[in-house]
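Asker: With the input below, show me the fold.
(2 chains)
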Amino acid sequence: MHYRNVWSEVPPAVPIPTPSRFGRAIGKYTVMITEACNDCLKCVAVCPEKVFDVQGGKLLPPNDHLCLGIECSNKSSRCVRNCPVSAIRVGLNPSARALGDLRWTPDLLMSTWYMAETGRLPKNDIEYRVGDSGGGFDKLRLVFPKRLPKPDLDKSNIDTSIDLNRREDGRLKITIPIPVYGGGMSFGSISQITMLSRIRGFAAWGSYTCTGEGGYPEALYPFDDHIITQVATGLFGVREETIQRVKIVEFKYAQGAKPGLGGHLLGDKVTEAVARIRETVPGSSLFSPFPFHSVYSVEDHKKHLDWIKAINSRGLVSVKVSTPSDVDMVAVGSYYAGAHIVHLDGSYGGTGAAPDVAKKNIAMPIEYAIPKVHGFLKDEGVRDHITLIVSGGLRTAFDIAKAIALGADGVVTGTSDLVALECIRCHNCESGRGCARGIATTDLELVGLMELAWGTQRIINMLHCWREQLQEILYRFGMSSIRELVGRTDLLTHLDYNADAPDDDIRNPVR
Amino acid sequence: MPKKYHIHVQPTQNRYPVIGRSGIVDWGEGCLKCATCVKQRCVYGVYKSRSFSADILSDTIDELCKSCFRCVQDCPKRLIHKTINPEWEALGDDVYTPQIITATWEQAHTGKIPVSGAGYGGSFSGPGFDSMWTDMSEIVRPTRDGIHGREYISTVIDIGQRSGFLKFGPDGNLLKESLPFIRIPIPIVFDILPFGDLSSDVWKAVVGAAATLQTLIIVPQAEATALNDFRENLVPLLAEDVIDPTWIKGFRMVEIRDGHDAVERKTALKAIDPGLLVSIRIPAIASEENVNRAVEHARAGFDLIHFVANERGYEPGQQDGLHLKDVTKSLHTALLREGIRDEVTLMASGGIAMAEHVIKAMLCGANLVGVDVPLLIALECRVCRNCREGGECPVSISRINPNWGKQRMINLIGAWHNQLLEMMGAMGIREARRLRGEQGRVMFMENLEKETFGRLFAGNSK
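Answerer: Down below sits the predicted model:
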C-alpha cells in the first residue's frame, strides 16, 4: 500500500510507513559504518528493526532512528557482534541534545516523528509520554489498577468518540471518532499544503480542523464537512459564505499563544495569495485587535453567537477563549450565550508568532484551568450540556488522557501536528521566508519541500498511534468508552504529592 | 491626553560575535564534494556568509545558524552535527540565565520585542518571578487595542509622597500645597551598577541613556560630580560625610543609606531645598524588624523607600533568602495595614532581569523598579563577574564608545517598554500606576497549585 492518493478526497485512516522527507531521520542513536565495511550484509540479516538497508548489493546509510540502542546492538545475536570486520559503531546521537526544549524534549520530538513515520510507538527507550518542564502534565501520572478490571474488553473496539453537540437544540448532532481535532492555524502562517495535510489527516479519522483567522482558501472546499471556520477579532477572510459552508464555526476571543493579544502575521509572510484571501495588502503586517470591538460584555457575546446561528441555521458554535483567573465564569457565560463547545486554550501552547513575553507570563496553564472549569460547570448543572475542549501545550496521547481525566471532553492539537510534519521547533516560523522545513511558510520554494500526500499520511499515522494508546489506557482502566474517563482525577496522581508513583508506560506488559 | 511617550530605537550592532546556544560541528574528512552540497542550499545562506574574525579567532557561523537541522539531516555522508555550545551554557548564573542574556543582547541590538513562533518551550514554573502569571482580560474589560495605538496605555508613574487627605485652615483655605514629586514616563529607574569595569565612557553611556529616556539614574556621589550636565536625571547616593549645600541644589532627588541618623540627615537635606526628594536605600529583607523600619521611614517622610535585593533578586546577606517578590508583598502589605500605602512610593530593585519582572514586581506592590545588571548586558556583558576579582572583561566594557552604549541601553529599555505595553494591554490595564499591588490581576503558582493539585492529590497518595 502506498500513501499517494487523490488530493481532493479524504484518504482512509490506515497507517502506512511514511519516512522522513530529509536525508536522514533524527533518532536517539547513531549507527556508523566505518570504511572497513565490505558489504557482506550480515547486519541486514540480524537486525529485525530494518536499520540496515541494501541497494544494488551495497549497504545504504543506516536508518539509525530505528535502532533500539547500544544495549541491543551489543547482544550476541545483533549487529555489532555479528559484523565480521567490526565496522559498526552504535552510540548516542551527538546532535540530539541540541534539539527541542523543556516542553518538547528531544525524546518527545523523536517519538512523535517515529509515530508519524510508522503509526506505532517507538520500541526503544525514548520517552513518549511527558516532557521535562517540571510541572503540570509532566508531573501527572496515570494510575492503572494493579490487575485488569475487565480483561475481556475488546481493545480495538473501545470507543474513543466524543459528541460535539450536547444541547438539545435541534442543530446538527456531530460525533467525532477520536477525542481530538486540529486547532486553528491560518493560511499565511502555514502553507496551503500544511493546511490541507492537517485537514485531510483529521478528516481521515472523521474529525475536524480549524482554519484559523486567515480566510478559507478554495482548495479547502472539498473538505467543508471537516472544517471549522474561525471568526477572530481581525475578521480576516470572514464572509457570510464561509460561515455557511461549514458545520462548526469557532469564535476566537483569545489564543494560548498570546493570551490577551490579537493575532500577528508579519509582513514577510503576507504574499499575494495570502493578501487576496484576507483582503489586505501584500507585504504589510497584519495585527488583529485584541478584543472584538463588537463585544464588551457577556450580552454582546450572546449577540455574536446569535448572529452566527442566524447565518448558519444548522451548524454548531464553538467559543475559543484563553485561561484568565475567571475562566470558569467565561465558560458558563458561553454556555448561557448558546455555545455548543467551549474551547479553553491554555497559555503554554500555540504555534503562531507571539511576543516571548506573552508566552509564559499571561494567563494560567491549562492544567489548572480544566478542573476549575469542569467543576464550575458541574456545580452550575450544565456540564452535560456543553462540550469542554482544551488545548495549550498538549503534546502526547498521555497529555490527552490526563486532560480528559482532569475534566475535559476532548482536546485540540496544533504543535504536535506540525511536529508530525517534521517541525523541529527552531521557533523561526514568524518572519522572513518562514519555516526552513517548508511547514510554516508561504515562500514558493520552501512550500515545495513537502508533498500533500506525505503530510496527510504523517498526520494519519500519528493520530492512529494516539488512538491506539488511548485505547490501551482505557483498557487498563477497564473502560469501554473514553467518556467514562472525563473528570476521573482519582485515576491520576502528581509527583509532588506521590513521589513514587508507579511507571505508567503502556509498553510494559499488563497482567 | 498626555504626549505619547516614544522611545527611538535603532539597530546597534554588537561588537563581538554573539555566543549562540548551539554550534555546528562539521567534519571535513570523508566529504564527497557533492555538486549540490547541503551547505550551498542552506535556507539562511549561513555557510556562504560566514566569515572568520581574526581579532577574536572565531567563526561567525554559529551566530548565523538558526538550527533548522537541514544540513545535519541532508549531508549524504552525515558529516555535519549540531551540539550545545558549552560557552553558552556557562553564561551567567541561575537568575541571569543564558537564555535571558542572549535575549537581552538581541533587544539591545534591535530594540525590538523578541517574537517567535511555535509556542513556549520553557519550564512550567520556577523560582522567583517565574512562579507568577499575570491575568488577562477576556470578553469583558479589555483595553480597546492599546498596543497598536488606538488607545493610549500610559506607563507614567510618580515618585514622592502624597498627602492622605487635604488639610484646610479655619477659614477654609487649603493649608498645604501638594508635596513635591517627580514624574517619569516609565516605571524603571537605573540603579547603581553592582559590578563592571566602569570607565567614564560607561558612565556617559548609562547616564546619557537615562536622560534620553527621561528617567532617573542612581549613581555614587563621587561619580555625580563628574556628570554635572545631567543633574536633572542623576540621583546621587550620598556618602556618609557632610554635604555641601550648594552642590546639592540642582538635583531633583538624592538617596541616602539607612543608618541611625537617617531621619536627621533627611531633615537636613530638606532644609537645604524643600523641593528636594530624599530616597532611603534599605535592604530588601522581609523580617519584621526591617519591615517596621520601612514603615517608620514612610511615616518619617521619605519620598521614596528603595529596597534593594542582592543582584540575583533575593534577600541580601541571608541564607536561602526570600525572593524580591515576597519581600515586596510583605512591605506593601505592611504599609497597607498601617493605612499609609498611598502616601509613599516604593521602589524594588535587584534581580529585575526581564521586562516581565517589572510588571510582576509592581503587581506585588512596588510603584516602580530599579534595574542594574541588564544595563550591563546591553553593553554585551556576559555576567562572568571576572571584574569583581580584578580580572579582565571579556568584552572590554570600559572601552565602549559612549554613544554606542547609550543607544544599546535605549534599545533595551525601548523593547522593555513595548513589552510592558503588551502585558498591560493583555491585562486590560491602561495605567502603570494601577499595577501597584493589583493582586486581582495576578495568579501565584503556589495558590493555583494548592487550589488544583493540592485539592485533588494531597492526602490521598496512592
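
Asker: So B:R388 belongs to a helix, correct?
Answerer: Yes: according to DSSP: H, G, I helix; E, B strand; the rest coil, B:R388 belongs to a helix.

Asker: need the residues of the stretch 351-462 of chain B near chain A, please.
Answerer: Applying Cβ under 8 Å from any Cβ of the partner chain, we find that the stretch 351-462 of chain B lies next to chain A at B:354-356, B:359-360, B:419, B:422-423, B:425-428, B:443, B:448-449, B:451-454, B:456-458, B:461-462. To be clear about C-beta, it is placed using only N, CA and C from the backbone, and glycine gets the same treatment.

Asker: if I look at B:P114, how far off is B:F444?
Answerer: 25 Å (Cβ to Cβ, to the nearest Å).

Asker: follow-up on the earlier one: filter the residues of the stretch 351-462 of chain B next to chain A down to the buried ones and hand me the ChimeraX line.
Answerer: To isolate the buried ones among these in ChimeraX, judged by 16 or more other Cβ atoms under 10 Å in any protein chain shown, type:
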select /B:354,355,356,359,360,419,422,423,425,426,427,428,443,448,449,452,453,454,456,457
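
Asker: Which ones among the residues of the stretch 351-462 of chain B next to chain A map onto helices?
Answerer: In this view, these that belong to helices under DSSP state H are B:355-356, B:359-360, B:419, B:422-423, B:425-427, B:448-449, B:456-457.

Asker: Nearest to chain A among these?
Answerer: B:A426 (2.5 Å; Cβ to the nearest Cβ).

Asker: Tell me if I'm right that that closest one and A:K359 touch.
Answerer: No: using Cβ atoms under 8 Å as the test, B:A426 is too far from A:K359 to be in contact (11.4 Å).

Asker: Number of residues surrounding A:D159?
Answerer: Using other Cβ atoms under 10 Å in any protein chain shown, A:D159 has 15 neighbouring residues.

Asker: Might you report the residue contacts of it?
Answerer: Neighbouring residues of A:D159 by Cβ atoms under 8 Å, 6 or more residues apart in numbering or on different chains: A:S480, A:S481, A:I482, A:R483.

Asker: Show me what the second one is bridged to.
Answerer: Think A:S481. A:D159 (DSSP bridges).

Asker: Mind pulling the model confidence for it?
Answerer: Per-residue pLDDT puts A:S481 at 98.

Asker: Now for it: which residues touch it?
Answerer: A:I158, A:D159, A:T160, A:S161, A:L474.

Asker: now B:L174
Answerer: Counting by Cβ under 8 Å, 6+ apart, B:L174 has contacts B:L166, B:K167, B:F168.

Asker: Quick check on it: phi, psi?
Answerer: phi -70, psi 120 (degrees, to the nearest 10).

Asker: what's the spacing between it and A:G56?
Answerer: Counting by Cβ to Cβ, the gap from B:L174 to A:G56 is 99 Å.

Asker: Does B:G117 touch A:C423 like I think?
Answerer: No: applying Cβ under 8 Å as the test, B:G117 and A:C423 come out as separate, 9.7 Å apart.

Asker: if I look at those two, which residues touch both of them?
Answerer: Common contacts of B:G117 and A:C423 (Cβ under 8 Å, 6+ apart): A:A440.

Asker: Endpoint to endpoint, stretch A:412-425 covers what distance?
Answerer: One end of stretch A:412-425 sits 19 Å from the other (Cα to Cα, to the nearest Å).

Asker: what's the answer for stretch A:82-98, then?
Answerer: 32 Å.

Asker: likewise stretch B:379-389?
Answerer: 20 Å.

Asker: Quick one: residues in contact with that stretch.
Answerer: Applying Cβ under 8 Å, 6+ apart, the set of residues contacting stretch B:379-389 from outside is B:14-16, B:19, B:91-93, B:96, B:101, B:105, B:108, B:195-197, B:202, B:205, B:373, B:376-377, B:392-395, B:397, B:400, B:405, B:408-409.

Asker: In strands, which of those appear?
Answerer: Residues from these lying in strands, with DSSP state E as the criterion: none.

Asker: ok, of these, which come out buried?
Answerer: The buried subset of the contacts of stretch B:379-389 (16+ other Cβ under 10 Å) comprises B:14-16, B:19, B:91-92, B:96, B:101, B:105, B:108, B:195-197, B:202, B:205, B:373, B:376-377, B:393, B:395, B:397, B:400, B:405, B:408-409.

Asker: before we move on, back to that, return the entry from the contacts of A:D159 with the maximum number of neighbours.
Answerer: A:I482 (24 neighbours).

Asker: what's the closest residue in space to it that isn't next to it in sequence in contact with, if anything?
Answerer: Excluding the flanking residues, the one nearest A:I482 by Cβ to Cβ, 6 or more residues apart in numbering or on different chains is A:T160, at 4.8 Å. By Cβ under 8 Å, 6+ apart, A:T160 lies in contact with A:P177, A:I178, A:P179, A:R467, A:L470, A:Q471, A:L474, A:S481, A:I482.

Asker: And those, which two are furthest apart?
Answerer: Taking Cβ to Cβ, the two most distant members of the contacts of A:T160 are A:P177 and A:L474; they sit 14.0 Å apart.

Asker: Looking at these two now, which is surrounded by more residues?
Answerer: For A:P177 versus A:L474, neighbours defined as other Cβ under 10 Å are more numerous around A:L474 (21 against 14).

Asker: pretty sure that one is touching A:S480, no?
Answerer: Yes: counting by Cβ under 8 Å, A:S480 is a contact partner of A:L474 at 7.4 Å.

Asker: how about stretch A:374-386: buried residues?
Answerer: Those would be A:H374, A:G375, A:F376, A:L377, A:V382, A:R383, A:I386, for stretch A:374-386 by 16+ other Cβ under 10 Å.

Asker: tally of neighbours for residue 407?
Answerer: If you meant another chain, say so; for now it's chain A. Residues near A:G407, counting by other Cβ under 10 Å, number 23.

Asker: could you do chain B instead?
Answerer: 24.

Asker: Also B:R293?
Answerer: B:R293 sits with 18 neighbouring residues when counted by other Cβ under 10 Å.

Asker: contacting residues for it?
Answerer: Residues near B:R293 by Cβ under 8 Å, 6+ apart: B:D258, B:I282.

Asker: Just the pLDDT at it, thanks.
Answerer: 96.

Asker: before we move on, what SS does the residue nearest to B:R70 when sequence neighbours are not counted have?
Answerer: In space, and not counting its chain neighbours, B:R70 is closest to A:A436: 5.9 Å by Cβ to Cβ, 6+ apart. Reducing the assignment at A:A436 to three states with three-state DSSP gives coil.

Asker: Report pLDDT for the closest residue to chain B within the stretch 201-350 of chain A.
Answerer: Chain B sits closest to A:G260 of the stretch 201-350 of chain A, with a gap of 2.5 Å, by Cβ to the nearest Cβ. Looking at A:G260, its pLDDT is 81.
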